[in-house]
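>>> Structure, please.
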Amino acid sequence: MVQRTTANKDGPEKAFVLRSYGYGELALLYFPNSTKKSATTQLRRWIRSNDVLRRSLIQLGFADRQRILTPRQVEVVIQYVGEP
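Predicted coordinates for the structure are as follows:
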């Protein structure tokens, strides 16, 4: 596991851990004020609208209804949309 320290607008710095994430779990990190369903829908839209991100994920074995993202897939998402 790789930990990254990021500035948090709500308080002290918080470490983001690069590991496997459930799709909904990662989506909720990006959209914390949304329901899980709404957050996953929005993350899916982000991925579909960014062709380079989508192609990179597919090369890493990503499937449209995948429930768990590998650490490498999470890293690619972060590379294109930033840390949550």
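>>> use CA for all of it now, contacts and neighbours both
Noted.
>>> so which helix or strand takes in residue 15?
Assessed by DSSP states H and E, residue 15 sits inside strand 11-18.
>>> what mean pLDDT does whichever helix or strand comes after that strand have?
Sequence-wise, the next helix or strand beyond strand 11-18 is strand 21-22, with elements assigned using DSSP H and E. Rounded to a whole number, the mean pLDDT of strand 21-22 is 98.
>>> list the helices and strands strand 21-22 packs on?
Of the remaining helices and strands, those touching strand 21-22 by 3 or more CA pairs under 8 Å, 6 or more residues apart in numbering; DSSP states H and E are strand 68-69.
>>> For the residue positioned nearest the centre of the chain, report the pLDDT, please.
Centre of the chain computed as the mean C-alpha position; nearest residue by CA atoms, centre = their mean is residue 26, 4.7 Å away. In this prediction, residue 26 carries a pLDDT score of 98.
>>> Can you give me the distance of it to residue 17?
Taking CA to CA, to the nearest Å as the measure, residue 26 and residue 17 are separated by 11 Å.
>>> What lies in contact with stretch 61-76?
Contacts of stretch 61-76 with the rest of the structure, by CA atoms under 8 Å, 6 or more residues apart in numbering, involve 18, 19, 20, 21, 22, 23, 24, 53, 56, 57, 60.
>>> how about those residues, which pair is most distant?
Spatially, the most separated pair among those is 24 and 56, at 19.8 Å (CA to CA).
>>> more neighbours, the two?
Looking at residue 24 and residue 56 with other CA atoms under 10 Å, you find the greater number of neighbours at residue 24, namely 20 against 14.
>>> so what does whatever helix or strand the more buried one lives in touch, helix or strand wise?
Using DSSP H and E, residue 24 sits within helix 23-30. Secondary-structure packing of helix 23-30 (3+ CA pairs under 8 Å, 6+ apart): helix 36-49.
>>> chain center to the helix or strand that the helix it packs on is followed by, what's the gap?
Past helix 36-49, further along toward the C-terminus, the next helix or strand under DSSP H and E is helix 51-59. Taking the mean of its C-alpha atoms, helix 51-59 sits 13 Å from the chain's own mean (CA atoms, centre = their mean, to the nearest Å).
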